[in-house]
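> Just the structure for this:
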Amino acid sequence: MEFIRDLWLFLKERKKWWLVPIIVVLLLIGLLIVFGSTSSAVAPFIYTIF
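Below is the predicted model of the structure:
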């Protein structure tokens, strides 16, 4: 959790708010891949992304 706090402080101090959507999208794609590998119902959505 310290990494998240440090990342938040970095974004806040350096005014790098344009990085927030990139980080959120990368996290969502990562979660989709992790949970998509266990569920075959999500597999077609993963293939359309890539």
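> so what's the most centrally placed residue in the chain up against?
Centroid check for the chain by CA atoms, centre = their mean gives residue 27 as the closest residue, at 1.2 Å. Contacts for residue 27 (CB atoms under 8 Å, 6 or more residues apart in numbering) come out as none. Bear in mind the C-beta positions are built from the backbone N, C-alpha and C, glycine included.
> could you show me where the strands are in the protein, in order?
Assigned by DSSP state E, the chain shows no strands.
> And the helix ranked longest in the chain, how far out from the chain middle?
Longest helix in the chain by number of residues (criterion: DSSP state H): helix 19-36. The chain centre lies 2 Å from the centre of helix 19-36; the measure is CA atoms, centre = their mean, to the nearest Å.
> circling back to that earlier point, what confidence value was assigned to the residue nearest to the centre of the chain?
For residue 27, the pLDDT comes out at 91.
> ok, back up a step: which positions in the longest helix of the chain come out as buried?
Going by neighbour count (16 or more other CB atoms under 10 Å), the buried part of helix 19-36 is residue 36.
> would you put the C-alpha positions of it in CSV?
Taking Å, rounded to 0.1, in the frame of the first residue of the first chain, the C-alpha atoms of helix 19-36 are listed here in CSV:
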residue,chain,number,x,y,z
LEU,A,19,-1.1,9.8,-16.0
VAL,A,20,-4.2,8.8,-14.0
PRO,A,21,-6.4,7.6,-17.0
ILE,A,22,-3.4,5.6,-18.3
ILE,A,23,-2.8,3.9,-15.0
VAL,A,24,-6.6,3.1,-14.6
VAL,A,25,-6.8,1.6,-18.1
LEU,A,26,-3.7,-0.5,-17.5
LEU,A,27,-5.1,-1.8,-14.2
LEU,A,28,-8.5,-2.6,-15.8
ILE,A,29,-6.8,-4.5,-18.7
GLY,A,30,-4.7,-6.4,-16.2
LEU,A,31,-7.8,-7.3,-14.1
LEU,A,32,-9.6,-8.4,-17.3
ILE,A,33,-6.7,-10.7,-18.3
VAL,A,34,-6.4,-12.2,-14.8
PHE,A,35,-10.1,-12.8,-14.3
GLY,A,36,-10.6,-13.6,-18.0
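> Cool, thanks, talk later.
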